[in-house]
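K.L.:
starting from these lines, generate the structure:
(2 chains)
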Amino acid sequence: MIEVKNIHKQFGDVVALEKVSLTVEQGELFGLIGPDGAGKTTLMRILMSLLLPDGGSATMNGLDVVVDYKKVRLITGYMPGRFSLYPDLTVEENLKFFATVFGTTIQENYYLIKDIYQQIEPFKTRRAGKLSGGMKQKLALSCALIHKPEILILDEPTTGVDAVSRKEFWEMLKRLKEMGITILVSTPYMDEASLCDRIALIQQGSLMSVATPQVMTKSFPEDLWTVRTRKIYNTSKFLEKLPSIISVNSFGQVLHLVTPKGTYTSDSIHQFLIKNGEVEIAIEPATATIEDVFIFLMNKPKEKS
Amino acid sequence: MITKEPVITVKNMVKKFGNFVANDNLNFEVYKGEIFGFLGANGAGKTTAIRILCGLSTPTSGQMTVAGFDVFRQTEKIKQNIGYMSQKFSLYEDLTVYENIRFYGGVYGMKVADRKAKTAEMLDRLELTAYENRKIGDLPLGWKQKLAFSIAILHSPKIVFLDEPTGGVDPITRRQFWNLIYEAVEKGITVFVTTHYMDEAEYCDRVSIMADGKIVALDTPEKLKEQYNAANMDEVFLKIAR
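P.N.:
Numbers count the residues shown, from 1 in each chain, chains lettered A, B, ... in the order given. Modelled structure (predicted):
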């Protein structure tokens, strides 16, 4: 279990974390979702006792990350955002090194990493620096797991990784969660949020929302529509002039239009678009995605000021 | 406007590193004014191909031209006629916004008056005029990426290569970035882009997908979805690359 209370961190004038509080339950797969610079890495580094907070406190399975930092390090596994294994050591040597540092052996906890490590075992004599991106990621996860941690902290493990490898990685996380490991994982990919038990949306050092992905998308407070036309870029420019519109954004082949609750019907939006000379229009009410929620919450403070 | 006039032609392109074939006989054309999506799994050979097309690496064999210039003999001409930006390298963090622009303007041999006029227009468009003297390192990532793109096309290149330009960027900035891409296309610039965001693949006029050094699919997003019986490009990608 991870408990974060009012954590504050500042670098010069830049506030990296502003009174962040959250709880990750035992055995939960918790996602920290936000763009680069939102404060995800800073929070993880504080939890890993690699950085001291300026205010607030945090505990990992009851251990204070400042006072009990040595014990915290023993019960946690950490995969930093940048590849940080030894490039000159082989795959096997890296794994052995991490096992030895934590006073254990590869054999003792092999069952934990078996699924993951088997995929890179054919290359165990290759130097870590010579591995492909996907293989490096698997080795880093194996090294983070080899001492059988109670809590796993993964900083953007899927950044820069292709869609196929990303799917595989999330399947691995799911299996680790089933073994009872508490996992805190960060990602800039909004579509990965639905794979977590609960998520926190983080932006500019503050948590905008914490909930299960399902609750977060279902409690979207306004009306959301998908709009399809032949030229969505032109349509989007025209929709910006729709009275009282909240936002219009492209989502791949469709537009997501957000309007105040109860203001429009698909017919009335249809009428508005016909005036633009659009012919083939398909409008449907839709359920928000995490990305819709994120965009909505990001725009919110601007409306107030 | 998309024409059928090719600005990049690739015929039988092969690149080997020792016994390893990174690009295995690639064939495609990129047309003037289109947004060409260049997708593929990690290690599929995308970066190798981009480096060749930017004149940074010599292919093993094939006939390739970029902006009308030969990739074997006219690499300097190619470099003058293209723009390039990536997620990893874009601008100099220790230089200010203005200094970065001046540096790139100088590298591309822009006339001072031309550079000044375009700089003013660009900073106004990005609403960054007030930040002219800020160091790049002090700017948020999203601003940096938009600025890096604008600088990459400041010298009005024929083609701009974008290597994962939106990685890690927030969802609003990501969309603003694509609006900048559309504006560049309206000015007649051809866009060659790689991305891991499959919704962005939908914004391309045509998309090619690489796997194991080969191009395994190349068409408009609509036709690819039809051909692979997929609801979106994410499904197409998973069906092809897995």
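K.L.:
which residues in chain B form helices?
P.N.:
B:46-53, B:75-80, B:97-107, B:112-125, B:141-152, B:171-186, B:198-201, B:221-227, B:233-241 (DSSP state H).
K.L.:
redo the ones you listed as JSON lines? Include mean neighbour count and mean pLDDT.
P.N.:
Where C-beta positions appear, they are placed from N, C-alpha and C, glycine not excepted. Shown next, in JSON lines, are the helices of chain B (neighbours: other Cβ atoms under 10 Å in any protein chain shown; pLDDT from 0 to 100):
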{"stretch": "helix B:46-53", "mean neighbour count": "22", "mean pLDDT": "93"}
{"stretch": "helix B:75-80", "mean neighbour count": "17", "mean pLDDT": "95"}
{"stretch": "helix B:97-107", "mean neighbour count": "17", "mean pLDDT": "94"}
{"stretch": "helix B:112-125", "mean neighbour count": "14", "mean pLDDT": "93"}
{"stretch": "helix B:141-152", "mean neighbour count": "22", "mean pLDDT": "91"}
{"stretch": "helix B:171-186", "mean neighbour count": "18", "mean pLDDT": "91"}
{"stretch": "helix B:198-201", "mean neighbour count": "23", "mean pLDDT": "90"}
{"stretch": "helix B:221-227", "mean neighbour count": "16", "mean pLDDT": "94"}
{"stretch": "helix B:233-241", "mean neighbour count": "20", "mean pLDDT": "87"}
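K.L.:
can you redo these as TSV with distance to chain A?
P.N.:
As requested, the helices of chain B are exported to TSV (distance: least, Cβ to the nearest Cβ, whole Å):
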stretch	distance to chain A
helix B:46-53	10
helix B:75-80	26
helix B:97-107	17
helix B:112-125	16
helix B:141-152	5
helix B:171-186	5
helix B:198-201	4
helix B:221-227	7
helix B:233-241	5
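K.L.:
and A:Ile106, which of these is closest to it?
P.N.:
helix B:233-241 (31.9 Å; Cβ to Cβ).
K.L.:
before we move on, the earlier item: now render the helices of chain B as a markdown table, adding distance to A:Ala128.
P.N.:
Listed next are the helices of chain B as a markdown table, based on distance: least, Cβ to Cβ, whole Å:
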| stretch | distance to A:Ala128 |
| --- | --- |
| helix B:46-53 | 20 |
| helix B:75-80 | 34 |
| helix B:97-107 | 35 |
| helix B:112-125 | 42 |
| helix B:141-152 | 28 |
| helix B:171-186 | 32 |
| helix B:198-201 | 30 |
| helix B:221-227 | 36 |
| helix B:233-241 | 25 |
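K.L.:
which one of the ones you listed lies closest to A:Val67?
P.N.:
Taking Cβ to Cβ as the measure, these were each checked against A:Val67, and helix B:141-152 came out nearest at 34.2 Å.
K.L.:
is it true that A:Met216 touches A:Ser209?
P.N.:
Yes - A contact is recorded between A:Met216 and A:Ser209 when judged using Cβ atoms under 8 Å, the distance being 6.1 Å.
K.L.:
comparing these two, which residue is more hemmed in?
P.N.:
For A:Met216 against A:Ser209, the residue with the higher neighbour count under other Cβ atoms under 10 Å in any protein chain shown is A:Met216, and the figures read 25 against 18.
K.L.:
which helix or strand contains the more buried one?
P.N.:
Under the assignment given by DSSP states H and E, the secondary-structure element containing A:Met216 is helix A:213-218.
K.L.:
other SSEs contacting that helix?
P.N.:
strand A:198-203, helix A:290-304 (3 or more Cβ pairs under 8 Å, 6 or more residues apart in numbering or on different chains; DSSP states H and E).
K.L.:
tell me the first helix or strand C-terminal of it.
P.N.:
In the C-terminal direction, the helix or strand that comes right after helix A:213-218 (DSSP H and E) is strand A:223-228.
K.L.:
give me the distance from that next one to the chain's centre.
P.N.:
A distance of 26 Å separates the centroid of the chain from that of strand A:223-228, by Cα atoms, centre = their mean, to the nearest Å.
K.L.:
got the CA coordinates for that strand in CSV?
P.N.:
Included here for strand A:223-228 are C-alpha records, laid out as CSV according to Å, rounded to 0.1, in the frame of the first residue of the first chain:
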residue,chain,number,x,y,z
ASP,A,223,-22.8,16.1,-23.6
LEU,A,224,-20.3,14.4,-25.9
TRP,A,225,-20.9,13.7,-29.6
THR,A,226,-18.9,12.0,-32.3
VAL,A,227,-19.2,13.8,-35.6
ARG,A,228,-18.1,12.2,-38.9
